[in-house]
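> predicted model and sequence follow; I will ask about them next.
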Amino acid sequence: GRGSVDGVGDAQEFYHPIGLAISPDGSTLLVSSTGGLHHVCVAAPPPPPSFAPIVVPPSTFSADMAKTWGDASLPQGMVTFLVGDDEERIEHVSKCNLCARSPVFRTMFGIGMKERDAAEVTVSHTDLASFTALVRYLLTDQFDLGEEEGRAQRALDLRELAQMYQVPRLELLCAQALQESVGPASAVPLLEAAHTMGDGRLLAQCRRYVADHAAEVRASGGVEQLRDLGVAKGLLGDALDQVAELKGTVAARDVELEKVRA
């Protein structure tokens, strides 16, 4: 239909207003008058924070494997990892291939290191599933977080290993998976993890999600999952900011309505 867009404060242009309507989000006032239908922008909600998409570079698997040809400094033989408190076993893993894919393994199995000739190496800082995912990626280039349930936590654990063993592409793949995992049940745990790790991108994404989907997060038990007092204070601050923003929007709308009625 006919209409024009007017800025805030232009309501005095209306001639004999005969009808009012407000958009569902409270941002637009529609005024029907003798001169036609007018749109008044009452208040524009702030845009959500935007981030450049996480770009994962092409695989270097073929180039890495090529390094295993003709390098006499690389170790020979296999290693068995004893993982976690229960020393669960990942058996017969190529030391040479691990060295080609991770500078940390290259140092660990380097000349003069006790692990170079060791048949078994203990890894106590992780669990079997996460370390298996790391080894699988290094040896096959396969990124696999398993079933959907628990995917976010597995991505967190694997990203920590990727950082520890200096595998940047795997770290980016995990970050990408975390970004896609934010939902009602995962937003609060991921928010706390992002706060602990200093991940500003994930922190901002989770805060925005909680603010925009508060009812769903609460229904999923997200509030009960809060453990970090600093995060709780941050969420409370976000809620207070939203209340202040809503009050400002309502006040601006009331002003415009009074001008229309005058």
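Structure received.
> which ones are touching the closest residue to Ala152 other than its chain neighbours?
Nearest in space to Ala152, with sequence neighbours left out and distances taken as C-beta to C-beta, 6 or more residues apart in numbering, is Ser181 at 4.0 Å. Heads up, the C-betas are built off the backbone N, CA and C, glycines and all. The contact partners of Ser181, taken as C-beta atoms under 8 Å, 6 or more residues apart in numbering, are Arg151, Ala152, Ala155, Leu190.
> pLDDT score assigned to Ser181?
As predicted, Ser181 sits at a pLDDT of 90.
> how close does it get to Glu148?
9 Å (C-beta to C-beta, to the nearest Å).
> wait, Arg116 touches Thr107, no?
No - with contact defined as C-beta atoms under 8 Å, Arg116 does not reach Thr107; the gap is 10.4 Å.
> the more surrounded of these two?
For Arg116 versus Thr107, the count of surrounding residues by other C-beta atoms under 10 Å is larger for Arg116: 16 against 12.
> OK, contacts around that one?
Neighbours of Arg116 in contact, by C-beta under 8 Å, 6+ apart: Pro75, Lys95, Phe109, Gly110.
> what about this protein, any weak spots by pLDDT?
Residue ranges of the chain with pLDDT under 70: 1-51, 222-262.
> need the helices for it, in chain order.
Here the chain has its helices, by DSSP state H, at 61-66, 95-101, 103-108, 128-140, 151-164, 168-181, 187-197, 200-212, 214-219, 229-261.
> select, out of these, the one closest to Glu120.
Closest of the helices of the chain to Glu120 is helix 95-101, at 12.0 Å (criterion: C-beta to C-beta).
> which residues are contacting the closest one?
Outside of helix 95-101, the residues within contact range by C-beta under 8 Å, 6+ apart are 61, 64-65, 67-68, 74-79, 105-106, 109-110, 116, 135, 138-139, 167.
> from the residues you listed, list just the buried residues.
Burial by neighbour count, judged by 16 or more other C-beta atoms under 10 Å, picks out 61, 64, 67, 74-75, 79, 105-106, 109, 116, 135, 138-139, 167 from the contacts of helix 95-101.
> can I get these in CSV with distance to Arg218?
Shown next, in CSV, are those (distance: C-beta to C-beta, whole Å):
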residue, distance to Arg218
Phe61, 44
Asp64, 46
Lys67, 52
Leu74, 54
Pro75, 53
Val79, 48
Phe105, 44
Arg106, 48
Phe109, 50
Arg116, 54
Val135, 39
Leu138, 41
Leu139, 43
Val167, 37
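> of all pairs in those residues, which one is the farthest apart?
Applying C-beta to C-beta across the buried ones among the contacts of helix 95-101, the maximum distance is between Phe61 and Arg116, 23.9 Å.
> excluding chain neighbours, what is closest to Pro57?
Residue nearest to Pro57 in three dimensions, not counting chain neighbours: Arg169, with 6.0 Å by C-beta to C-beta, 6+ apart.
> do Ser186 as well
Ala152 (4.5 Å).
> may I have the phi/psi pair for Pro58?
Per-residue torsions, Pro58: phi -60, psi 160 (degrees, to the nearest 10).
> neighbours around it, how many?
By other C-beta under 10 Å, the residues close to Pro58 number 8.
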